[in-house]
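with the input below, show me the fold.
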Amino acid sequence: MPVILPVEGVSPQFGENCFIAPNATIVGDVITGNDCSIWFNAVVRGDVNSIRLGNKVNVQDGAILHATYQKTKTIVGNSVSIGHNAIVHGCTLHDNVLIGMGAIVMDNAVVHSNSIVAAGAVVLEGTIVEAGTIYAGVPAKKVKDISEELIHGEIDRIANNYLKYSGWFKDVLTKNQ
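Predicted coordinates for the structure are as follows:
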């Protein structure tokens, strides 16, 4: 069973058709949209500030979402994929964003729509990732603009695939109950 706990009397709330892996942890002031998935060993910790996820957000295995006490919230738009072992902390991710595996996005950073933060990148505090770009490196810098093909071929594809994958597990979990 996933760990879903209230903090200071505030419990996580989930939209329709969400998948929560059996060993995910979600606590406190967390609200998800519809069609979200929070995968194995992911942690969404809304204990010190709020975390908001739009529709069709996937938080992949081992990823951590958190914020800073009384300073920064974490806000995630629609159709966002947060890759394996990524850290998203006190920042804003707009719609149609891909955060690569192992990437870190720090407090007060803003990742605008149709953008990719490459695997292993570190988006420093307060960085603004321009819409339609790829940021990579440590610290993350713009490396190129994204083509329409990449938006549809990667960002949209991954978000849609995770919606499909979550269906596989929901079916298995339902049969095992």
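
for the chain, longest helix please?
Determined from DSSP state H, the single longest helix within the chain is helix 157-175.

pLDDT value on the residue positioned nearest the centre of the chain, please?
Closest residue to the average C-alpha location of the chain: residue 82 at 4.0 Å, with C-alpha atoms, centre = their mean. We have a pLDDT of 98 for residue 82.

swap in the one 4 residues further on?
On pLDDT, residue 86 comes in at 99.

just the one 5 residues further on next, same as before
In this model, residue 91 is scored at 98, pLDDT.

next, count neighbours for the residue nearest to it when sequence neighbours are not counted.
Nearest residue to residue 91 in three dimensions, chain neighbours excluded: residue 109, at 4.3 Å (C-beta to C-beta, 6 or more residues apart in numbering). Glycine gets a C-beta too; all of them are placed from N, C-alpha and C. For residue 109, the tally of surrounding residues (other C-beta atoms under 10 Å) stands at 25.

surely residue 35 touches residue 17?
Yes - between residue 35 and residue 17 there is a contact at 5.1 Å, judged by C-beta atoms under 8 Å.

look at those two and report which has more neighbours.
When neighbours are counted by other C-beta under 10 Å, residue 35 comes out ahead of the other of residue 35 and residue 17, with 22 against 16.

would you say that one is within a helix?
No - counting by DSSP: H, G, I helix; E, B strand; the rest coil, residue 35 is not found in a helix; it is coil.
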